[in-house]
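1. A structural model of the following input is requested.
(one chain, ligands or ions: 1)
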Amino acid sequence: MTDSTMESVESFRLRARAWLAEHMPPRDEAPPPLVEDDAHEWERARELQQKLYAGGFAGICFPREYGGLGLTFAHQQAFTEESDPYEMPLMLNVPTFAICAATLLDMGDEEQKRDRIGAAVRGDEILCQFLSEPSGGSDLAGLITRADRDGDGWVLNGAKTWSTSAYAADWGLCLARTDWDVSKHRGLTMFLVPTKAPGVTMNRIRMINGNREFCEEFFDDVVLPASAVVGEVGGGWTVASRQLFHERNALGGGSPFVSGRGEPRTMPRVTPPNAVRASGRADDPRVREMLGEHLTLTKVAEQTADRVSRAIESGGLPPAAASIPRLLHAEAVQRGEDLALRITGSNAATGTGAGEGMGGRTAIGYLMRQSASLGGGSTEMSRNVISERMLGMPREPAPDRDVPFKQVKRGR
Ligand SMILES: Cc1cc2nc3c(=O)[nH]c(=O)nc-3n(C[C@H](O)[C@H](O)[C@H](O)COP(=O)(O)OP(=O)(O)OC[C@H]3O[C@@H](n4cnc5c(N)ncnc54)[C@H](O)[C@@H]3O)c2cc1C
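-> Below you'll find the predicted structure:
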């Protein structure tokens, strides 16, 4: 589709407005109770995505040949604005669309793009990330899950953890070590792993807020075909770097593949404006000051994300710049959680927990405040990326650089 044949953003917006009003359910402002089994929420997200697909509004920025609409970020932003009053399949945004499908679009082969992106856009499949391991977090390239050649295929063994939504997913992008004779970044390969394959054991982890969205996985002799490799054998770090770029971009609010705004219904977050409404303290000058701070910081984070993602798209900034909005987003979310708690005051301690009431939900949201600075790579690592790759400051010392991985001393 050339620019001259592409529908204008304004015409797309008007068409979307009419379609949304007729087909999408209005957003339910009351968050659902925190329940152990959220299978129906996932089912609902798939249904809503199927509805968007049938209506011709799914995968706005994915190419047409992979099931999308081949339109621009501006079209997506217009749709997101219009879809605000309606229920949207937000659970599919991260990691399925913004991270995994986006990575496959950049690094996958034709079959992977057609099959996996196509199925996700249609609402048939969900994707997750198998990167982090119990033995290491920020040092991702030091991972020890291994894939060994077996004829044309591979056999996967090892363990992963912190995998968001893996229990609901159909496929995971799994980084594994395939060569122990080269340095740590060079011996990795990315695989597309079916989450229900024989040899995959998955457990859900209960978090401090009661949610069980994280999983840990054990891979015992999982057989993978040659077609499971994403990118080049031994080129896994290149794929992972792209994946981490998309992750930072998504968390910073700059992903063109995110459709709809806000948190999925399963996240019990109370924002400062909600806390003000619920506490009835809108006339308190100190509360107004805190609310002003929140609104300003959120606006700055949003506009920075927009500016940086446009600059990356046009080549004005390198992909590493996605660390800037990612960092700012973490700051804004954490300040938001802190302010909501201060506005709610003692109600946060005496509220009725996850089931009812703003007070309890504020406290439960606050328990997860740290996740914004860890998920998607920690903010310290974002600071490292900004200092080393954007500001040209000296690199961290790395005693394992250029050392064959099998000779690297590890904590075991
Ligand atoms: C909400 C959430 C969702 C997640 N989803 C997924 C997922 O779907 N899939 C997945 O694979 N993983 C996921 N993770 C895991 C996440 O990617 C890791 O938590 C993250 O990479 C940090 O690793 P760690 O927690 O082990 O911290 P560690 O690596 O143990 O680090 C601890 C602290 O030390 C700092 N630190 C470590 N090394 C350095 C250094 N060189 N310079 C400066 N500071 C340093 C870190 O920044 C951090 O603050 C998720 C985590 C969260 C919180």
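2. how about the helices of the stretch 251-400 of the chain, start to end?
-> Along the stretch 251-400 of the chain, counting by DSSP state H, counting those that start in this stretch, helices occupy 272-279, 285-313, 323-344, 347-350, 358-367, 379-385.
3. Give the other helices and strands that the third one contacts.
-> Just to be clear, that refers to helix 323-344. If you count contacts as 3 or more CB pairs under 8 Å, 6 or more residues apart in numbering; DSSP states H and E, helix 323-344 packs onto helix 236-252, helix 272-279, helix 285-313, helix 358-367, helix 379-385. No exception for glycine: its C-beta is placed from N, CA and C like everyone else's.
4. Mind listing residues that contact the shortest one?
-> With CB atoms under 8 Å, 6 or more residues apart in numbering as the test, helix 379-385 has contacts from 138, 248, 320, 323, 326-327, 330-331, 373, 396.
5. Grab the nearest non-local neighbour of Asp170.
-> Leaving aside its sequence neighbours, Asp170 sits nearest to Glu125 (CB to CB, 6 or more residues apart in numbering; 4.4 Å).
6. gap between the one you found and Ser165?
-> 12 Å (CB to CB, to the nearest Å).
7. ok, those two, which is more surrounded?
-> Legend: neighbour count by other CB atoms under 10 Å for Glu125 and Ser165, higher for Ser165 (22 against 19).
8. pretty sure the more buried one is touching Phe130, no?
-> No - contact criterion CB atoms under 8 Å: Ser165 and Phe130 do not qualify, at 11.8 Å.
9. Please name the residues that touch Arg27.
-> Contacts of Arg27 by CB under 8 Å, 6+ apart are 84-88.
10. Please read off the pLDDT at the nearest residue to it once chain neighbours are set aside from the model.
-> In space, and not counting its chain neighbours, Arg27 is closest to Glu87: 5.1 Å by CB to CB, 6+ apart. The model reports Glu87 with a pLDDT of 95.
11. Look at Glu87 and say how many residues are nearby.
-> Counted with other CB under 10 Å, Glu87 comes out at 17.
12. now swap in Lys409 and tell me
-> There are 8 residues near Lys409, going by other CB under 10 Å.
13. ok, which residues in this protein are in contact with the ligand?
-> Contact residues (CB under 6 Å from any ligand atom) of the chain with the ligand: 95, 128-132, 137-138, 162-164, 371, 374-375, 377-378, 380-381, 384, 396.
14. Phi, psi for the residue of the stretch 201-350 of the chain found nearest the ligand please.
-> At 6.9 Å from the ligand, Phe214 is the closest residue in the stretch 201-350 of the chain, using CB to the nearest ligand atom. Dihedral pair for Phe214: phi -80, psi 150, per degrees, to the nearest 10.
15. contacting residues for it?
-> With CB under 8 Å, 6+ apart, Phe214 has these contacts: 161-164, 204-205, 207.
16. at 10 Å what do you get?
-> By CB atoms under 10 Å, 6 or more residues apart in numbering, the contact list for Phe214 reads 132, 161-167, 203-207, 371, 375.
17. do Ala147 as well
-> 153-158, 174-179, 188-191, 193, 219, 222, 224, 228-229, 233, 236.
18. And stretch 172-191, what's buried?
-> 172-179, 182-191 (16 or more other CB atoms under 10 Å).
19. ditto for stretch 199-219
-> Going by 16+ other CB under 10 Å, stretch 199-219 has these buried residues: 200, 202, 209, 211-219.
20. start to end distance for that stretch?
-> Start-to-end span of stretch 199-219 (CA to CA, to the nearest Å) is 6 Å.
21. what's the answer for stretch 125-134, then?
-> Stretch 125-134: ends 27 Å apart by CA to CA.
22. returning to what we had before: which neighbours do Glu125 and Ser165 share?
-> In contact with both Glu125 and Ser165: 92, 96, using CB under 10 Å, 6+ apart.
23. what is the mean pLDDT for stretch 239-247?
-> 95.
24. Lowest-scoring secondary structure element of the protein by mean pLDDT?
-> Lowest by mean pLDDT, DSSP states H and E among the helices and strands of the chain is helix 347-350, with a mean of 77.
25. low-scoring pLDDT stretches of the stretch 151-300 of the chain, where are they?
-> Counting by pLDDT under 70, the stretch 151-300 of the chain contains low-confidence ranges at 267-268.
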